[in-house]
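**Student:** Need coordinates for the following:
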Amino acid sequence: MKKILLTIIISILITPLYAESRFGDLTEMRDERMRGKDGQWVRPHPGPFVWNKIERKQGSYSWDKADEQVIYAQEHNQTIIATIWPYSNWEQKSCKRKKARSPFGKRFTKYLSKPCSMEDYKTFLLKLVDRYDGDGNNDMPGLTKPIKHWDIMNEPEFKMFFSGKEDEFVEIFIESSKLIKAKQKDAVIIMAGAAGMHPDSKRFWSSALPKIENYFDIANIHHITG
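**Tutor:** Numbers count the residues shown, from 1 in each chain. Just a heads-up that it's a prediction; the model follows:
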């Protein structure tokens with residue numbers, strides 16, 4: 001990946017009435033007012049592309065919420081930026097990871113650590129990309145607008161989104177990027193969003209960014225206002 005582009009995501013979290021950014025909206029399917037506008041970019045947050053929501057127990061996959069998001073986007077000509085969350089309760093229990101607290105409540109996951117088994121995680125990730133890549137093999141029934149933009153994790157410098165170490169994030173990111181690019185040649189990999197340039201964020205990314213710079217297409221800095 002030779003070019004690094006910079007996108008600034010403006011997060012407006014108060015009400016969709018003010019979400020007029022040309023960059024699109026953060027969206028949430030459970031709230032009809034927060035589903036995004038027709039013809040826009042949308043970034044479901046946290047979204048349905050969570051290992052814990054899809055593979056609820058090992059080898060058993062439930063695609064209903066993810067399919068719902070993709071179908072809605074197709075019907076409204078939206079382009080999805082899909083955030084991948086590499087956490088699953090059953091998997092992290094298998095090596096007795098410590099529980100963590102996320103801002104998304106019980107519907108999300110109880111664990112935010114690096115997967116116990118990267119191979120199990122990559123098995124899930126391969127199935128996720130395979131379902132929405134639009135190559136005609138194992139696709140979601142009725143898929144007409146593939147997902148091409150994959151945002152690997154979110155603000156990993158903050159414990160509320162990732163309770164692992166920097167080197168663990170780097171491993172997850174690089175392995176995820178390599179798998180996605182091998183499966184979907186036209187995939188666009190987005191750097192896990194940096195939470196602005198606050199001191200903690202600057203310290204984390206000053207170290208992590210050089211390690212992953214060859215594994216993403218678009219850099220992603222969240223501009224978060226009060």
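
**Student:** From here on, just use CA atoms for contacts and neighbour counts.
**Tutor:** Will do.

**Student:** Buried residues, stretch 93-113. List them.
**Tutor:** 97, 101, 102, 108, 109, 110, 111, 112, 113 (16 or more other CA atoms under 10 Å).

**Student:** what's the average pLDDT for the helix ranked longest in the chain?
**Tutor:** Longest helix in the chain, counting residues (DSSP state H): helix 166-183. Helix 166-183 carries an average pLDDT of 98.

**Student:** and that helix, what other elements does it pack with?
**Tutor:** Applying 3 or more CA pairs under 8 Å, 6 or more residues apart in numbering; DSSP states H and E, we find helix 166-183 packed against helix 118-132, strand 149-152, helix 199-212.

**Student:** list the buried ones in the first one?
**Tutor:** Taking 16+ other CA under 10 Å as the neighbour-count basis, helix 118-132 is seen to contain the buried residues 121, 122, 124, 125, 126, 128, 129, 130, 131, 132.

**Student:** Using TSV, please lay out those together with pLDDT and distance to residue 139.
**Tutor:** Compiled in TSV, the buried residues of helix 118-132 are given as follows (pLDDT from 0 to 100; distance: CA to CA, whole Å):
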residue	pLDDT	distance to residue 139
121	98	20
122	98	18
124	98	15
125	98	14
126	98	12
128	98	10
129	98	9
130	98	6
131	98	4
132	98	6
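
**Student:** Quick check: phi and psi on residue 83?
**Tutor:** When read as degrees, to the nearest 10, the backbone of residue 83 gives phi -90, psi 120.

**Student:** Tell me the spacing between it and residue 94.
**Tutor:** 24 Å (CA to CA, to the nearest Å).

**Student:** How about residue 155?
**Tutor:** Taking CA to CA, one finds residue 155 at 25 Å from residue 94.

**Student:** and residue 139, what is it in contact with?
**Tutor:** Residue 139 is in contact with 130, 131, 132, 133, counting by CA atoms under 8 Å, 6 or more residues apart in numbering.

**Student:** Revised request: answer the last question for residue 90.
**Tutor:** 56, 57, 58.

**Student:** State whether the first one and residue 63 are indeed in contact, as I suppose.
**Tutor:** No. The pair residue 56 and residue 63 does not pass the contact test of CA atoms under 8 Å, sitting 10.4 Å apart.

**Student:** need the contact list for the residue nearest in space to the middle of the chain.
**Tutor:** Central residue of the chain (CA atoms, centre = their mean): residue 83, 1.3 Å from the mean position. With contacts defined as CA under 8 Å, 6+ apart, residue 83 is in contact with 43, 44, 45, 46, 47, 49, 150, 151, 152, 153, 154.
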